[in-house]
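J.: I need the structure of the sequence given here:
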Amino acid sequence: MVNVTHILYIEDLPAECIADCSASGDVSEAVIHWAEKLNFTVDIERAKRYLKSTGGWTATELEDSTVAEITERVLWLACCDFNEGSDIFCLEA
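T.: Down below sits the predicted model:
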């Protein structure tokens, strides 16, 4: 189980997960697969604040999103950050 309340470290995720979830093109299926396989969870309210701060989603879009959708977005963004060289992902808004 990977539970993200605040900080996620690169070593918390398998390298294959990072590669699959940050590949070019639509990686939705990979993100769903890895979120389920890792039992990936996040602090939902903190995740919503973080996602809103990225400018990618409005408050309304986030309120209308399921827990799974919020969780998958966080996993996707973390994997992209790790793929670009970060070794820490922080849910700070």
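J.: from here on, just use CA atoms for contacts and neighbour counts.
T.: Will do.
J.: I'd like the next helix or strand past the longest helix seen in the chain.
T.: Using DSSP state H, we find that the single longest helix of the chain is helix 67-83. On the C-terminal side of helix 67-83, the closest following helix or strand by DSSP states H and E is strand 88-90.
J.: show me the helices in this protein, by range?
T.: Taking DSSP H as the criterion, the chain carries its helices at 15-21, 28-37, 44-54, 59-63, 67-83.
J.: on contacts alone, who are the packing partners of the longest one?
T.: Contact partners of helix 67-83 among helices and strands, from 3 or more C-alpha pairs under 8 Å, 6 or more residues apart in numbering; DSSP states H and E: helix 15-21, helix 28-37, strand 41-42, helix 44-54, strand 88-90.
J.: just send those back as JSON lines, with distance to L75, mean pLDDT and mean neighbour count too.
T.: Formatted as JSON lines, the helices and strands packed on helix 67-83 follow (distance: least, C-alpha to C-alpha, whole Å; pLDDT from 0 to 100; neighbours: other C-alpha atoms under 10 Å):
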{"stretch": "helix 15-21", "distance to L75": "8", "mean pLDDT": "98", "mean neighbour count": "18"}
{"stretch": "helix 28-37", "distance to L75": "7", "mean pLDDT": "98", "mean neighbour count": "17"}
{"stretch": "strand 41-42", "distance to L75": "9", "mean pLDDT": "96", "mean neighbour count": "22"}
{"stretch": "helix 44-54", "distance to L75": "10", "mean pLDDT": "95", "mean neighbour count": "17"}
{"stretch": "strand 88-90", "distance to L75": "10", "mean pLDDT": "96", "mean neighbour count": "16"}
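J.: next, format the ones you listed as a markdown table and append distance to E61.
T.: Formatted as a markdown table, the helices and strands packed on helix 67-83 follow (distance: least, C-alpha to C-alpha, whole Å):
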| stretch | distance to E61 |
| --- | --- |
| helix 15-21 | 22 |
| helix 28-37 | 18 |
| strand 41-42 | 18 |
| helix 44-54 | 9 |
| strand 88-90 | 21 |
